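K.L.:
What follows is a predicted protein model with its sequence.
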Amino acid sequence: MTPIPQFSDTVESRHERLDVDDYGAVYVVGDVHGSRAALERLLAELDPADDDRLVFVGDLVRKGPDSPGVVDLVRDDDRLVSVRGNNEQKVVRGDKDPDWLRDGDRAYFESLPVVISFDDALVVHGGVDPGRPLDDHTVDELLTMRAPDGDGYDGPFWYDDYDGPHRVFFGHTVHDSPVEREYAVGLDTGCVYGGMLTAYDYRNDDCVTIEQTTTHEQRDDAKIVSVV
């Protein structure tokens with residue numbers, strides 16, 4: 001049995017542990033980025049029961065047309081939870097002060113855990129550095145991890161050399177299709193850029209994808225990783 005992950009005191013205070021036996025279906029959902037219409041279509045496809053749980057990898061907001069709508073869908077439904085993404089962090093720190101921000105939104109983003117774990121799984125926004133123990137990671141590293149020994153989208157990416165023991169579900173790095181590896185599952189499939197919104201069905205080890213019908217923001221092809 002994989003041990004419960006251990007983090008530094010700073011991260012542990014922002015770590016939420018779920019008992020997967022308390023839920024029916026469990027889904028992990030990729031970056032939404034304010035694309036409420038796509039999220040509504042995904043929720044209709046999944047049709048979650050009252051005892052199901054949907055865990056989002058963060059970046060609920062920014063770039064898309066309806067960040068407040070996405071926040072309301074997630075915040076107001078007890079079945080939906082999210083870790084904090086780097087875009088929520090930018091609002092928390094005051095680096096971004098979007099015109100759609102309402103009273104209570106910043107406090108909600110600050111309340112989001114940085115890590116959600118269950119069974120042998122970790123859900124974080126960015127990823128982990130395979131060369132260092134979990135308790136040596138900072139909050140910002142877990143939010144922004146991409147290529148600890150490389151150069152951004154030029155790679156190599158953290159998951160190329162990661163071999164567990166925890167299976168890490170992550171977003172942040174945009175891929176043209178889901179990354180499905182033994183110890184890493186990447187779920188940012190570029191919804192806001194005209195790609196897909198992806199949910200991973202944890203019980204059935206399968207992905208559910210919704211094709212986007214609108215490109216809300218253009219993105220350079222060099223910043224969309226091809227999954228071979």
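P.N.:
Yep, that arrived. Numbering: from 1, shown residues only.

K.L.:
Please count neighbours and contacts with C-alpha atoms only from this point.
P.N.:
Will do.

K.L.:
Now the most centrally placed residue in the chain: closest residue in space that isn't a chain neighbour?
P.N.:
In the chain, the residue lying closest to the centroid (CA atoms, centre = their mean) is residue 57, at 1.4 Å. Of all residues not flanking residue 57 in the chain, residue 125 sits nearest, at 5.1 Å (CA to CA, 6 or more residues apart in numbering).

K.L.:
before we move on, back to that, what sits against the residue nearest to the centre of the chain?
P.N.:
Contact analysis of residue 57 by CA atoms under 8 Å, 6 or more residues apart in numbering lists 28-31, 82-85, 123-125, 169-171, 187.

K.L.:
Span of stretch 216-228 from start to end?
P.N.:
26 Å (CA to CA, to the nearest Å).

K.L.:
What are the buried residues along that stretch?
P.N.:
216, 224, 225 (16 or more other CA atoms under 10 Å).

K.L.:
Also stretch 198-218?
P.N.:
Those would be 198, 199, 200, 201, 207, 208, 209, 210, 212, 216, for stretch 198-218 by 16+ other CA under 10 Å.

K.L.:
coming back round to it: considering the contacts of residue 57, which possesses the most neighbours?
P.N.:
residue 125 (35 neighbours; other CA atoms under 10 Å).

K.L.:
Work out for me the element the nearest residue to residue 139 once chain neighbours are set aside sits within.
P.N.:
Computed as CA to CA, 6+ apart, the closest residue to residue 139 that is not its neighbour in sequence is residue 11, at 5.9 Å. Using DSSP states H and E, residue 11 maps to helix 9-12.

K.L.:
just residue 27 next, same as before
P.N.:
strand 26-29.

K.L.:
Which elements pack onto that strand?
P.N.:
With contacts taken as 3 or more CA pairs under 8 Å, 6 or more residues apart in numbering; DSSP states H and E, strand 26-29 sits against strand 53-56, strand 196-201.

K.L.:
can you pull out the strands in this structure?
P.N.:
Counting by DSSP state E, residue ranges of the strands within the chain are 15-17, 26-29, 53-56, 80-82, 115-118, 121-123, 167-170, 179-180, 184-186, 196-201, 206-211.

K.L.:
could you give the mean pLDDT of the shortest one?
P.N.:
Averaged across strand 179-180, pLDDT comes to 98.

K.L.:
May I have the strands that pair with it, each with its orientation?
P.N.:
Applying DSSP bridges, strand 179-180 is found paired with strand 184-186 (antiparallel).

K.L.:
to the chain's geometric centre, what's the distance from the partner strand?
P.N.:
Taking CA atoms, centre = their mean, to the nearest Å, one finds the center of strand 184-186 at 10 Å from the center of the full chain.

K.L.:
likewise stretch 211-220?
P.N.:
With CA atoms, centre = their mean, you get 18 Å for stretch 211-220.

K.L.:
ok, and what's touching it?
P.N.:
38, 63, 64, 65, 191, 192, 193, 194, 195, 196, 197.

K.L.:
Which residue, other than its chain neighbours, is closest to the fourth one?
P.N.:
Read that as residue 65. In space, and not counting its chain neighbours, residue 65 is closest to residue 34: 5.7 Å by CA to CA, 6+ apart.

K.L.:
That neighbour: how many residues sit nearby?
P.N.:
24.

K.L.:
ok, now residue 103?
P.N.:
Neighbours of residue 103 (other CA under 10 Å): 7.
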